[in-house]
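please find the sequence and the predicted model below.
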Protein chains: 2
Amino acid sequence: MSAAEETEETPCGEDTPWGEVTPEAARRLLIAAVEAFAERGYHATTTRDIAGRAGMSPAALYIHYKTKEELLHRISRIGHDKALEILRAAAGSEGTASERLAAAVRSFVRWHAERHTTARVVQYELDALGPEHRTEIVALRRESDAAVRGLIEEGVASGEFDVPDVAGTTIAVLSLCIDVSRWFTTQGRRTADEVGALYADLVLRMVGARTLAAPDGSAAQK
Amino acid sequence: MSAAEETEETPCGEDTPWGEVTPEAARRLLIAAVEAFAERGYHATTTRDIAGRAGMSPAALYIHYKTKEELLHRISRIGHDKALEILRAAAGSEGTASERLAAAVRSFVRWHAERHTTARVVQYELDALGPEHRTEIVALRRESDAAVRGLIEEGVASGEFDVPDVAGTTIAVLSLCIDVSRWFTTQGRRTADEVGALYADLVLRMVGARTLAAPDGSAAQK
């Protein structure tokens, strides 16, 4: 099945996808761009294709976005801001390093599962960003990396975790979560929540956590 | 940096990439197709682009490949055959389940790192395959999945591993290794071998292995 055949669900809870994009015409164009990029790739998509999908004229598109790259940048920026927000919220919450790392993985995975079409576009089309936008996005990715690395370092310092290679393990944890967007489908056997719970357990094993957080977020002695 | 700016190194040892593709003109076209697909995406690439990159005429291309999809299928088929061969070789070798799982991860990761441009094309353009070719490739992927699942099941049966969710852990292990092709660059801090060794250790942790295989393949008690 092609990525574009799947409708991206609205994540349960507070926020509507792309709710931050206004006016409504600009949002409609952004959603059309995500679908077109996911289906045909950035380079095979024209602004005319995007306008057509949104039921608008190319001239109407140019009112909101000057270039196709501006659309990709907007998608990538919102996606990366959200990812960083999720990781920082979990990192800054109450609890042990294990509980917070498990919470970070659960919500990061859930986002990559529920918003998998967007996440794929954001991940696979990084090279299509202009140099300035690319630098900006790479800086955001470094901050996400730092949020996870900080949590792992805390757990090591407190004796909760046993991690011989913190930098390498950080890359692996983020990579594991991000790649959910590649293989996850809403038609699969597991829900986004179930994958999140499984992955939280696997990540606690990767860091050699002395306590395993239960799926409800509480911690149980191993 | 774009994927296409990096030259894919020849893996050390026995085989030349695409050595199985003959005659030489067919191989040259295949390599040109991998580069073009990685740089611009499958849908934005024409057979004319591919022929041009290979220094050949479109007519010369048609002698070897009838369609662009035939090129993608050939690339995908060879890539998936190789991945399966690597996993089966490790699974069928001598040693404990831990040693063989570690060996499988090491060589699977090394392949995805060394051949990252090819691996990206193979992973990201699956949806562009025709229905018949897609069915064939999905069957090969199921066999790779079964090879890893079999190793994990063996370790569970022998009491070496502690895995509450074998199917889910199998997906995660393969996903972790495959995603190396997304983030690995030859300009990075780690060599393909170093990532392979790190990941073998992380995967043994994920399966709760009672023994940790040392980087040389021998096993040391935890």
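All right, it came through fine. Numbers count the residues shown, from 1 in each chain, chains lettered A, B, ... in the order given.

wait, residue A:58 sits on residue A:51?
Yes - at 4.8 Å, residue A:58 counts as touching residue A:51 under the criterion of C-beta atoms under 8 Å. C-beta: built from backbone N, CA, C; applies to glycine.

these two: which has the busier surroundings?
residue A:51 (20 against 13; other C-beta atoms under 10 Å in any protein chain shown).

helices of chain A, residue ranges please.
Secondary structure of chain A (DSSP state H): helices at A:24-40, A:47-53, A:58-64, A:68-91, A:97-114, A:116-124, A:131-157, A:166-178, A:180-183, A:192-206.

now those as JSON lines including distance to chain B?
What follows is those, written out as JSON lines (distance: least, C-beta to the nearest C-beta, whole Å):
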{"stretch": "helix A:24-40", "distance to chain B": "4"}
{"stretch": "helix A:47-53", "distance to chain B": "11"}
{"stretch": "helix A:58-64", "distance to chain B": "19"}
{"stretch": "helix A:68-91", "distance to chain B": "12"}
{"stretch": "helix A:97-114", "distance to chain B": "10"}
{"stretch": "helix A:116-124", "distance to chain B": "6"}
{"stretch": "helix A:131-157", "distance to chain B": "10"}
{"stretch": "helix A:166-178", "distance to chain B": "5"}
{"stretch": "helix A:180-183", "distance to chain B": "6"}
{"stretch": "helix A:192-206", "distance to chain B": "5"}
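
so which of those helices is nearest residue B:45?
Of all the helices of chain A, helix A:24-40 sits nearest to residue B:45, with 11.5 Å by C-beta to C-beta.

so what secondary structure elements neighbour the closest one?
With contacts taken as 3 or more C-beta pairs under 8 Å, 6 or more residues apart in numbering or on different chains; DSSP states H and E, helix A:24-40 sits against helix A:47-53, helix A:58-64, helix A:68-91, helix A:116-124.

got CSV for those helices, with distance to residue B:194 too?
Below are the helices and strands packed on helix A:24-40 laid out as CSV (distance: least, C-beta to C-beta, whole Å):
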stretch, distance to residue B:194
helix A:47-53, 42
helix A:58-64, 46
helix A:68-91, 26
helix A:116-124, 23
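
what's the most buried one of those helices?
helix A:116-124 (a mean of 23; mean count of other C-beta atoms under 10 Å in any protein chain shown).

and it, average pLDDT?
Mean pLDDT, computed over helix A:116-124, is 94.

quick one: that helix to helix B:116-124, angle?
170 degrees (axes from the mean of the first three to the mean of the last three C-alpha atoms, to 10 degrees).

nearest to residue B:164, of the helices and strands packed on helix A:24-40?
Using C-beta to C-beta, the helices and strands packed on helix A:24-40 put helix A:68-91 closest to residue B:164, at 22.9 Å.

centre of the chain to that closest one, how far?
With C-alpha atoms, centre = their mean, to the nearest Å as the basis, helix A:68-91 stands 8 Å off its chain's centre.

only alpha carbons, please: show it as PDB.
The C-alpha atoms that make up helix A:68-91 are tabulated as PDB, following Å, rounded to 0.1, in the frame of the first residue of the first chain:
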ATOM      1  CA  LYS A  68       7.800  24.600  -3.200                       C
ATOM      2  CA  GLU A  69      10.800  24.600  -0.900                       C
ATOM      3  CA  GLU A  70       9.000  27.000   1.500                       C
ATOM      4  CA  LEU A  71       6.200  24.400   1.800                       C
ATOM      5  CA  LEU A  72       8.700  21.600   2.600                       C
ATOM      6  CA  HIS A  73      10.500  23.900   5.100                       C
ATOM      7  CA  ARG A  74       7.200  24.700   6.800                       C
ATOM      8  CA  ILE A  75       6.300  21.000   7.100                       C
ATOM      9  CA  SER A  76       9.800  20.100   8.300                       C
ATOM     10  CA  ARG A  77       9.900  22.900  10.800                       C
ATOM     11  CA  ILE A  78       6.500  22.200  12.400                       C
ATOM     12  CA  GLY A  79       7.400  18.400  12.500                       C
ATOM     13  CA  HIS A  80      10.700  19.000  14.200                       C
ATOM     14  CA  ASP A  81       9.300  21.600  16.600                       C
ATOM     15  CA  LYS A  82       6.700  19.100  17.700                       C
ATOM     16  CA  ALA A  83       9.200  16.200  18.100                       C
ATOM     17  CA  LEU A  84      11.400  18.400  20.200                       C
ATOM     18  CA  GLU A  85       8.400  19.600  22.300                       C
ATOM     19  CA  ILE A  86       7.400  16.000  23.000                       C
ATOM     20  CA  LEU A  87      11.000  15.000  24.100                       C
ATOM     21  CA  ARG A  88      11.400  18.000  26.300                       C
ATOM     22  CA  ALA A  89       8.100  17.600  27.900                       C
ATOM     23  CA  ALA A  90       8.900  14.000  28.900                       C
ATOM     24  CA  ALA A  91      12.500  14.900  29.900                       C
END
